[in-house]
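**Student:** I'll drop the sequence and a predicted model, then ask my questions.
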Amino acid sequence: MSGPRLHLSLIGIGTGNPDHLTRGAEKAIRAADVVLVPRKGAGKEDLAGLRAAILSDILPDASVRSRFVDLPVRDPAIADYPARVEAWHDAIAQAWAEALAEDLARARGRLRVALLVWGDPSLYDSTLRIAARLRPAPDIEVIPGITAIQGLTSAFAIPLNAVGAPVTITTGRRLRAEGFPTGVDTCVVMLDEGQAYAGLDSDAFDIWWAAYVGMPDEIRIHGRLGAVADSIAAARAEARARHGWIMDIYLLRRRPA
Ligand SMILES: C[S@@+](CC[C@H](N)C(=O)[O-])C[C@H]1O[C@@H](n2cnc3c(N)ncnc32)[C@H](O)[C@@H]1O
């Protein structure tokens, strides 16, 4: 005899604006028997608060259906970065399994579990990779969400790509290490802990930079990189000090010669 089946809905919730939530996301949240709620992770009280607000708006009994998971942290003793991330994902999958064990034991047939994912689960997010570690393998459903890239381009009302042209999406770490990617004129940079753009030729690029996209404190700065780099650095430092955290994203476009 096989046990109950786990149905996992990974629900993109957009990047901080409750209006980003799609009707599909609302339906999937309502349909869930339980919701897995990470207690740490991004480590930002405000973001946890936003998730909680979305849940309580949609589920009157959110407190009954929520299962809190204390997320493990990466093990600094593992020197190799990919190995450290692998071990961390294993540990998170284990934490999910433990948080769901009682519900699974009680469930008849199928347990529907929802997980709210920042932005969209396909973009710089490991929820799908972690879900794939669960055994027995769950049925996985993805409800798409608005990404930080869409938040950025809509905030400035700009297209992502030039006509018929490709775009690269990369991280601050790679931009710093490898420079502006070859073969493209447009690059979106995420997960930048510092100011990776500072290493670029500041006359060669325009930048569209935004922080807290979609949230009440959204900040936007746009211009030739050389003209606005200092303002971005100052705005970033001030905002980080005020909030205790920052999430920012930018688009760089090569200026015509
Ligand atoms: C771990 S990734 C998650 C991306 C997310 N899955 C998405 O679809 O946008 C986190 C990065 O996304 C960007 N980001 C997410 N939300 C943002 C927001 N509200 N404002 C600015 N950048 C944001 C930042 O570059 C941040 O470092």
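**Tutor:** Thanks, I have the structure now. Residues are numbered from 1 along each chain as shown.

**Student:** out of everything not next to it in sequence, what's closest to Pro121?
**Tutor:** With sequence-adjacent residues excluded and distances taken as CB to CB, 6 or more residues apart in numbering, Pro121 is closest to Leu10, at 4.6 Å. Glycine gets a C-beta too; all of them are placed from N, C-alpha and C.

**Student:** Can you point out the buried residues in the one helix or strand the one you found maps to?
**Tutor:** In the assignment (DSSP states H and E), Leu10 maps to strand 5-12. Buried residues in strand 5-12, counted by 16 or more other CB atoms under 10 Å: 6-12.

**Student:** do the same with stretch 57-74
**Tutor:** Buried residues in stretch 57-74 (16+ other CB under 10 Å): 58-59, 62, 65-67, 69, 71.

**Student:** Pull the distance from it to the chain's centre.
**Tutor:** Computed by CA atoms, centre = their mean, to the nearest Å, the separation of stretch 57-74 from the middle of its chain amounts to 17 Å.

**Student:** again with stretch 153-168
**Tutor:** The answer for stretch 153-168 is 20 Å, by CA atoms, centre = their mean.

**Student:** Wondering if it reaches the ligand at all.
**Tutor:** No - contact of stretch 153-168 with the ligand is not found when judged by CB under 6 Å from any ligand atom; the minimum separation is 8.8 Å.

**Student:** Also stretch 209-219?
**Tutor:** Yes - applying CB under 6 Å from any ligand atom, one finds stretch 209-219 touching the ligand at 210-215.

**Student:** Who are the contact partners of the residue nearest to Asp57 when sequence neighbours are not counted?
**Tutor:** Closest residue in space to Asp57, ignoring its immediate chain neighbours: Pro18 at 7.2 Å, by CB to CB, 6+ apart. Taking CB atoms under 8 Å, 6 or more residues apart in numbering, we find Pro18 in contact with 50, 53-54, 57.

**Student:** and if you look at Ala162?
**Tutor:** Per CB under 8 Å, 6+ apart, neighbours of Ala162: 185-186, 253.

**Student:** Could you list which of the residues you listed also contact the ligand?
**Tutor:** Here nothing survives when the contacts of Ala162 are matched to the ligand using CB under 6 Å from any ligand atom.
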